[in-house]
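A.B. asks: Here is a sequence together with a model predicted from it:
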Amino acid sequence: GKMRVAAVLAVVCITGCSEALTQFHVNCATGFDENAGTAAAPFKTVARAQAAVRSARNTRLGHTTTQERAVVQISGLCELESTLTLDSTDSNVDYVGTDGAMLSGGTQLNVPPSVSDATSPIQIDLTKYNFSASTLGKLSGRGYSGGSACINVYAFEPSGAELFYRPAGPASAAGARSAGSTDAGTGCRLARWPNANPGVPASSDWAKITKVETGQQVVLGGATATQLSAWAAEVATGDGGWTHGLWSWNWADSHRPILGVYPANGSVAVGNDDMGNRDTSPIKVGSASGQGGNVYVYNLKSELDAPGEYYIDRATATLWFIPPPAAAGAGAAGTYHLSRLPGAVVSVGPGVANVSFRNLEIRYGRGGGVVMTGASNVVLIQCTVSDHGMMGVNVTDGVGCGVEGSDVANNGDGGVILFGGDRDTLTPSGHFATNCTLHRNQRWIMNYAPNILLGGVGQTARGCEVYASPQIGVFFQGNDHTLSASNVHDVARQCSDCGAFYMGRDWTYRGNQILGTTFSALASVFAGWLPSAVYLDDQLSSVNIAQCTFDHVKGSLLELGGGRHNSFVENKLIGDANLHMDNRGGDGTQCVVPGRAPYMFLSRVPYQSPPWAKYPGLASILTDDPCTPKHNVISNNVLCEGAAISLNPAQVAAWGSTMANNTKGQC
């Protein structure tokens, strides 16, 4: 609405409405911070340019002001010594990249092209790059194996040092779409067993737990006695191995340390994570179509045997790696980088306004890539935000911030997180992601770390391509969010009972829309419950899905899990039309139980106050059979290529919902 328009106008004005009064140049390859910061005599660091902008404003006007615009032109590989931190005195600045500019939280390693054909590990002494045991960081527990159908941000945490390969190619963000993506053969991963399929994920990427011994000792199907003996020696003397598992459910994952390996009975003892022992759900034995019991082990030098794998001996600060497929062969001229910064690469603080980052690559931080808190009209335009230990872009509070025409890929714990607004008053924050590509952003946490999250009130994602994630592609929490004109495909690839789009478990999450979006190519490596396109879990209500295309979705196009006031109208259903609707909350008031969702969430917001009156039936929900899936509408959809809706119209009507005018036609 109006806030979105204001955000766009602000971006246009700060980048093109008037000539900047202050302009400085940075060349991180050839510049010197003692220079004047001109095109002919550029600075070397972005921090020096930031200080020069502040000083110029103060000198010219007699006091610090941010009313005049400034431009910082950046070129070269800029390896930041610390996070680029912006405060309120840094407003009204455009950071513009030229000649392949990169803001890096890592260190480039000198790996001669002559080793690109290596089939055995390459050894790098990291002390020559000023790394040590204390600066390499450590591996730690992440995730939550119990699952909770929400974004567990407390389970996200910075990584230790990670190795990345950036292939040679277009330097601009718009052209670097595959840089850093595992499926494109450019990714690096810690040495693991079983080895990961070099292309798209496969069921062979996971070992099945065949038995659970006393405590948390698990027997892994396929592990040989020789392997187990090697693991035992490493765990006893080295950094220690780790496991990543879908322990209880194929929609909830966590990382656990290996505490011991016992070749005599073929078992591996795993611990809980190190963040308050969150992992308390029982470990299950794996089966072909059941939930849980899937795991792989990693950070074991004895398993360094596949292209793209690496191992870091932190005690001696030594790296071993085998080049990824994209680095093999004559002419390969990519670069290797080891992440160094412990936090974000760019941090934008409260009070910062009207700032843009344009045509920059932002890579290799151990925390988030770009983190904004309480900022206004700060936007990334034509940027690549990739290869970070946590999420790519994390926006919290503020108004009108977002990403436009950018590529966000290969991050550890999610792609773009946009959260803000006031749910009490339903005041929107107007954050946005427009015309972006969002993919492969779950290197560490796979589940509930989506490619894009819209949270709070009033965020939008439009014209985005969302793909290549193991579980959720798009996740909403809160009110009045919109996903439109986007393409969601090849997601939910390593999960069961999951969805490409997901919301769940709250009657008060209202006013959300999915418009004109295509869902296709949804398939999981796990047999059993096929992925859904749109998953409205556990009585989630008031989502409008309209004018979308569902192209040969084998699972449920719509998983309507007992919610109310949802509409599924004017959509095109091609080839398949499996819609699922149930009354999982019971009927009448059966689900109105203190301490149980969704009833318990009513108390979090003033749902009977005037701002909330725009949501039909919410104020009186407790007197209108709240547990019955009433007031849903499934109508005016076009069914093509043999698609047929399997829902029983009589049952839908008995629940107080409507299904009508769904007809065969041409798509």
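C.D. replies: Okay, I see it.

A.B. asks: only C-alpha atoms for contact and neighbour calcs from this point on.
C.D. replies: Noted.

A.B. asks: correct me, but Asn544 touches Gln513?
C.D. replies: Yes. Using Cα atoms under 8 Å, Asn544 makes contact with Gln513 at a distance of 4.7 Å.

A.B. asks: Pick out the residue nearest the middle of this protein.
C.D. replies: Ranked by distance to the mean C-alpha position of the chain (Cα atoms, centre = their mean), the top residue is Gly414 at 1.5 Å.

A.B. asks: For stretch 134-145, measure first residue to last.
C.D. replies: Taking Cα to Cα, to the nearest Å as the measure, stretch 134-145 stretches 29 Å from start to finish.

A.B. asks: List the buried residues of that stretch.
C.D. replies: Residues of stretch 134-145 classed as buried under the neighbour-count rule (16 or more other Cα atoms under 10 Å) are Leu136, Gly137, Leu139, Ser140, Gly141, Arg142, Gly143, Tyr144, Ser145.

A.B. asks: what sits against Val370?
C.D. replies: Val370 sits next to Ala344, Val345, Val346, Ser347, Val348, Val385, Gly392, Val393, Asn394 when contact means Cα atoms under 8 Å, 6 or more residues apart in numbering.

A.B. asks: cool, and Gly575?
C.D. replies: Here Gly575 is in contact with Asp551, His552, Val553, Leu639, Cys640, Glu641, Gly642, Ala643 (Cα under 8 Å, 6+ apart).

A.B. asks: give me the beta-bridge partners of Val543?
C.D. replies: On the basis of DSSP bridges, Val543 is bridged to Asn512.

A.B. asks: quick one on the thing from earlier: ok, of the contacts of Gly575, which come out buried?
C.D. replies: Burial by neighbour count, judged by 16+ other Cα under 10 Å, picks out Asp551, His552, Val553, Leu639, Cys640, Ala643 from the contacts of Gly575.

A.B. asks: if we can go back for a sec, which of the contacts of Val370 has the most neighbours?
C.D. replies: Gly392 (35 neighbours; other Cα atoms under 10 Å).

A.B. asks: my guess is that one contacts Ser406, does it?
C.D. replies: No. Look at Gly392 against Ser406 with Cα under 8 Å: they stay out of range, at 11.2 Å.

A.B. asks: list residues touching both of those two?
C.D. replies: Any residue near both Gly392 and Ser406 by Cα under 8 Å, 6+ apart counts here, and that gives Val385.

A.B. asks: which residues are contacting the helix or strand containing Tyr296?
C.D. replies: For Tyr296, the element it lies in under DSSP states H and E is strand 294-298. By Cα under 8 Å, 6+ apart, the surrounding residues in contact with strand 294-298 are 190-194, 205-209, 241-247, 250, 286.

A.B. asks: among these, which are in helices?
C.D. replies: Counting by DSSP state H, those place none of their members in helices.

A.B. asks: re earlier: tell me which of the buried residues of stretch 134-145 fall in strands.
C.D. replies: Residues of those located in strands (DSSP state E): none.

A.B. asks: isn't Gly160 right up against Lys138?
C.D. replies: Yes. With the criterion set as Cα under 8 Å, Gly160 and Lys138 qualify as a contacting pair; they are 4.8 Å apart.

A.B. asks: Could I get the full set of helices for this structure?
C.D. replies: With DSSP H as the criterion, the chain has helices at 2-16, 46-61, 225-237, 649-654.

A.B. asks: one step back: switch the contacts of Gly575 over to TSV; also include pLDDT and distance to Val93.
C.D. replies: Rendered in TSV, the data for the contacts of Gly575 read as follows (pLDDT from 0 to 100; distance: Cα to Cα, whole Å):
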residue	pLDDT	distance to Val93
Asp551	96	44
His552	93	47
Val553	92	45
Leu639	95	51
Cys640	94	51
Glu641	92	53
Gly642	87	55
Ala643	88	53
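
A.B. asks: Return the member of those nearest to Ser532.
C.D. replies: Each of the contacts of Gly575 was checked against Ser532 using Cα to Cα; the closest is Val553, at 7.7 Å.

A.B. asks: Can you give me every residue that contacts that closest one?
C.D. replies: For Val553, the contact set (Cα under 8 Å, 6+ apart) comprises Phe519, Ser520, Ala521, Leu522, Ser532, Ala533, Gly575, Asp576, Ala577.

A.B. asks: who are the neighbours in contact with the fifth one?
C.D. replies: Contact partners of Ser532, counting by Cα under 8 Å, 6+ apart, are Asp497, Cys498, Gly499, Ala500, Phe501, Leu522, Val553, Gly555, Ser556, Leu557, Leu558, Glu559.

A.B. asks: let's see 7 Å
C.D. replies: Contacts here follow Cα atoms under 7 Å, 6 or more residues apart in numbering; on that basis Ser532 touches Cys498, Gly499, Ala500, Gly555, Ser556, Leu557, Leu558, Glu559.

A.B. asks: Can you tell me how far it is from His439?
C.D. replies: Separation of Ser532 from His439 (Cα to Cα) stands at 18 Å.

A.B. asks: With the last one instead?
C.D. replies: Applying Cα to Cα, the value for Ala577 to His439 is 26 Å.

A.B. asks: returning to what we had before: now the strand holding Tyr296: average pLDDT?
C.D. replies: Along strand 294-298, the predicted local confidence has a mean pLDDT of 97.

A.B. asks: That one pairs with which strands, parallel or anti?
C.D. replies: Under the criterion DSSP bridges, strand 294-298 sits next to strand 192-193 (antiparallel), strand 207-212 (antiparallel), strand 242-249 (antiparallel) in its sheet.

A.B. asks: for the ones you listed, which one sits closest to Ser55?
C.D. replies: Comparing the strands paired with strand 294-298 against Ser55 with Cα to Cα, the closest turns out to be strand 242-249 (49.1 Å).

A.B. asks: what's that closest one in contact with?
C.D. replies: Applying Cα under 7 Å, 6+ apart, the contact partners of strand 242-249 are 145-146, 252-258, 281-284, 291-299.

A.B. asks: Go again with 6 Å.
C.D. replies: Contact with strand 242-249 is made by 252-258, 283-284, 291-298, as judged by Cα atoms under 6 Å, 6 or more residues apart in numbering.

A.B. asks: Quick one, which of the residues you listed are buried?
C.D. replies: Among the contacts of strand 242-249, those classed as buried by 16+ other Cα under 10 Å are 252-258, 283-284, 291-298.

A.B. asks: For Pro649, state which of the buried residues of stretch 134-145 is nearest.
C.D. replies: When the buried residues of stretch 134-145 are compared against Pro649 (criterion: Cα to Cα), the nearest one is Ser145, at 37.9 Å.

A.B. asks: For Gly588, which non-adjacent residue is spatially closest?
C.D. replies: In space, and not counting its chain neighbours, Gly588 is closest to Asp625: 4.0 Å by Cα to Cα, 6 or more residues apart in numbering.

A.B. asks: give me the number of residues near the one you found?
C.D. replies: Other residues near Asp625 come to 17 when the count uses other Cα under 10 Å.

A.B. asks: How about Gly334?
C.D. replies: Applying the criterion other Cα under 10 Å, we find 16 residues in the vicinity of Gly334.

A.B. asks: ok, now Phe357?
C.D. replies: Residue crowding around Phe357 was assessed by other Cα under 10 Å; the count is 21.

A.B. asks: And for Asn451?
C.D. replies: 33.

A.B. asks: need the contact list for it.
C.D. replies: Under the criterion of Cα under 6 Å, 6+ apart, the neighbours of Asn451 are Gly414, Gly415, Leu438, Asn441, Gly473.

A.B. asks: try 8 Å this time
C.D. replies: Contacts of Asn451 (Cα under 8 Å, 6+ apart): 414-416, 438-442, 466-467, 469, 472-474.
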